[in-house]
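# what's the 3D shape of this:
(chains A and B)
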Amino acid sequence: MILDEFVQHIGSKLGEDIVLGKDEQSSPAAIICAPSNLKKLMRFLYEDERCFFDMLSCITAIDNGPEAATFELIYNLYSIPFDHQLMVKIAIDRPASGEELASADTLSDIWQAADWHEREAYDLMGIRFNGHPDMRRILLPADWKGHPLRKDYQDLETYRGIKVKY
Amino acid sequence: MSNQEVQYIYQEGNLQASEPNKYRVEELEQGRMLINIGPQHPSTHGVLRLEVLTDGEVVKDVVPHIGYLHRCFEKHVESMPYNQGIPFVDRMDYLAAMNSEHAYAMGVEKMLGIADKIPPRVEYIRVLVAELNRLASHFVAIGTYAMDIGAFTPFMWLMRDREYILRMLEWTCGARMLYNYIWVGGLFYDLPVGFEEKCTEFIHYLKPKMIELRRLVVENKIFVQRTANIGILPLKKAINAGITGPMLRASGLKFDLRRVDGYSVYPELDFEVPIGTGEMGKVGDCWDRNWVRVLECDESIKIIEQCLAVLKGKHVRTREFDPQEVVPKKIRPKAQDLYVRAENPKGELGFFFRADGKSDIPFRCKARGCSFVNISVIPDLARDHMVADLIAIIGSIDMVLGEVDR
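This next block holds a predicted model:
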């Protein structure tokens, strides 16, 4: 299916207001959705017989910076039987300070693959996924301060007596 | 920093474990035990730490702790031009650096819109070196796997043959493992004079060795008994968990991105996609995963032969050939998002790029490591097996911790 067909199909099944927009510049083509509708849309894309996105390839979290005050979450879906790809984008609010967490809905109950990708986004970007079974840091030590992939991240001076900055 | 400055000051608390266990010993049921395996343990293939909850000798749960090799790939790439990211990509999957470079270069070329301008000789050389590297990576996988099971000889034999490949790749670019050979838009250099002949010689040498390998490892009764029916990964679970590469194929799905996406010159080449059939046990067990890798080695040899034939015939080396003909002087893609994927020896390696169109450096670059996703199913594979089988399961996944932790 091409992008317009997806948009039309989703619109006919879930209502016209689910897909907020589309991005044909990106590769694979992307649809934009509201964070509150994410779970409904993704479950539909997973279960529907014409979409049938059985594999979640990648979840990317992007920080648009403190001025834009948004994070973006980008989901790359792939359907093995139909051999089509789709990108789904959502934008969520970005907290001003480094300590606070943003939040989004988990998809780990639909795709098991989302589990570790979401833990990584939590660890490096500071996004809490509501309903995730095991929200711990995955790459960094458990007592690390801050989320390094944020654009305004400042290095710690020391970590347990070891100098971080050189 | 001057040498005189004190670099480390001990304080209380510095030596506590930075990664606490998920399970608490006080809260365990009667008869349960927590065992820590790794991060420094030969059977974990790198710095992987496993927290194993056991009941006697039966594994009840496994919690992988990763991140010991985290080198901030994604943060680094956000501060340097696209072409300078390639050495970092090498260091992700250090056993298959050529394949990773190929994926990264393809992504940037697609963003620049020069993907169809790459000279065919460059594409064939890329596929040739990538397949050589795939062989080397599979040799490490099979060799170390046999060593995990308790056979030492196959490891030495395969390392011997891998050494040939590493020396040949060293000849092309000067580095044994971390090449920086495939550039955005081209190659660092043409193949050295005589490479095609030496490579042909190597393939003639290697073919009988592959038969030897089957007799030594794959059909070995002890090996079969240790690996058949162990760690069965059902296909449905594999797809849902995003497993790719030989692991997914061993579960019975003919899915290879070289065929599905048909990138580079793979559509012009003739090769099969081997899958696991449950010959010794059930589909998707440890033996199948290893078997798929052995079969893939044969397919890689076929691809290498075809590439060599083309490189000696249709697209032979000429004086005028410049591998850097389309290498862009300045890499500034239009503002866009792009996800590119390629078949690495271990699975689907994906790169997500966001270019803002105003600078030469990526706004965001995310690497989707195949090993990262593949090891996330260790708990499902190992549950209710023996501790010794856990070692067999870890080995059959063939992960490289450099790519897991990035």
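# now do the contacts for the residue in chain B that chain A sits nearest to.
Going by C-beta to the nearest C-beta, chain A is nearest to residue B:242 of chain B, at 3.1 Å. Glycine gets a C-beta too; all of them are placed from N, C-alpha and C. Residues in contact with residue B:242 (C-beta atoms under 8 Å, 6 or more residues apart in numbering or on different chains) are A:55, A:56, A:57, A:111, A:112, A:113, B:373.
# so where's chain B shaky on pLDDT?
Applying pLDDT under 70 to chain B picks out residues B:1-3.
# all strands for it, in order.
B:32-37, B:49-55, B:58-65, B:182-183, B:186-187, B:336-344, B:347-355, B:364-368 (DSSP state E).
# those strands: which one's closest to residue B:98?
Checking the strands of chain B against residue B:98 by C-beta to C-beta gives strand B:182-183 as the closest, at 6.6 Å.
# most surrounded residue in the contacts of residue B:242?
residue B:373 (29 neighbours; other C-beta atoms under 10 Å in any protein chain shown).
# for residue 66, which non-adjacent residue is spatially closest?
All of this refers to chain A. residue A:152 (5.4 Å; C-beta to C-beta, 6 or more residues apart in numbering or on different chains).
# try chain B instead
Nearest to residue B:66 is residue B:404, by C-beta to C-beta, 6+ apart, at 5.3 Å.
# what's near enough to touch the closest residue to residue B:302 other than its chain neighbours?
Nearest residue to residue B:302, sequence neighbours excluded (C-beta to C-beta, 6+ apart): residue B:271, at 5.3 Å. Taking C-beta under 8 Å, 6+ apart, we find residue B:271 in contact with B:258, B:299, B:300, B:302, B:303.
# burial count for residue B:263?
Neighbour number of residue B:263 under other C-beta under 10 Å is 20.
# and the helix or strand of chain A with the lowest mean pLDDT, what does it pack against?
Ranked by mean pLDDT, DSSP states H and E, the weakest helix or strand in chain A is strand A:162-163, scoring a mean of 79. On a contact count with 3 or more C-beta pairs under 8 Å, 6 or more residues apart in numbering or on different chains; DSSP states H and E, strand A:162-163 meets no helix or strand.
# span of stretch B:79-99 from start to end?
Start to finish, the residues bounding stretch B:79-99 are 23 Å apart (C-alpha to C-alpha, to the nearest Å).
# so which bits of that stretch are buried?
Within stretch B:79-99, the residues that qualify as buried are B:82-83, B:85-86, B:88-99, counting by 16 or more other C-beta atoms under 10 Å in any protein chain shown.
# also stretch B:102-116?
For stretch B:102-116, burial by neighbour count (16+ other C-beta under 10 Å) applies to B:102-112, B:114-115.
# tell me if it is near chain A.
Yes: residues of stretch B:102-116 contacting chain A under C-beta under 8 Å from any C-beta of the partner chain: residue B:110.
# quick check: the closest residue to residue B:103 other than its chain neighbours vs residue B:101, distance?
Once flanking residues are discounted, residue B:103 sits nearest to residue B:342: 3.6 Å by C-beta to C-beta, 6+ apart. Distance, residue B:342 to residue B:101, by C-beta to C-beta, to the nearest Å: 10 Å.
# which one of those two has more residues nearby?
residue B:101 (27 against 24).
# taking the contacts of residue B:242 one by one, which sit in strands?
For the contacts of residue B:242, secondary structure assignment (DSSP E) places A:55, A:56, A:57 in strands.
# would a markdown table of these with pLDDT and distance to chain B be doable?
Putting the ones in strands among the contacts of residue B:242 into a markdown table (pLDDT from 0 to 100; distance: C-beta to the nearest C-beta, whole Å) gives the following:
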| residue | pLDDT | distance to chain B |
| --- | --- | --- |
| A:55 | 90 | 6 |
| A:56 | 91 | 6 |
| A:57 | 90 | 6 |
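# quick one: residues contacting the nearest residue to residue B:406 once chain neighbours are set aside.
Closest residue in space to residue B:406, ignoring its immediate chain neighbours: residue B:73 at 4.2 Å, by C-beta to C-beta, 6+ apart. Contact analysis of residue B:73 by C-beta under 8 Å, 6+ apart lists B:88, B:89, B:91, B:92, B:367, B:406.
# close to chain A: what parts of the stretch 51-200 of chain B are there?
Applying C-beta under 8 Å from any C-beta, we find that the stretch 51-200 of chain B lies next to chain A at B:66, B:67, B:70, B:72, B:74, B:75, B:110.
# okay, now the residue nearest to the fourth one when sequence neighbours are not counted: neighbour count?
Across the structure, with C-beta to C-beta, 6+ apart as the measure, the residue nearest residue B:72 apart from its sequence neighbours is residue A:148 (6.7 Å). For residue A:148, the tally of surrounding residues (other C-beta under 10 Å) stands at 18.
# doesn't residue A:120 make contact with residue A:148?
No: in this structure, residue A:148 is not within contact of residue A:120 by C-beta atoms under 8 Å, at 11.5 Å.
# returning to what we had before: closest one to residue B:129 out of the buried residues of stretch B:102-116, please.
Once C-beta to C-beta is applied, the member of those that ends up nearest residue B:129 is residue B:102, at 8.4 Å.
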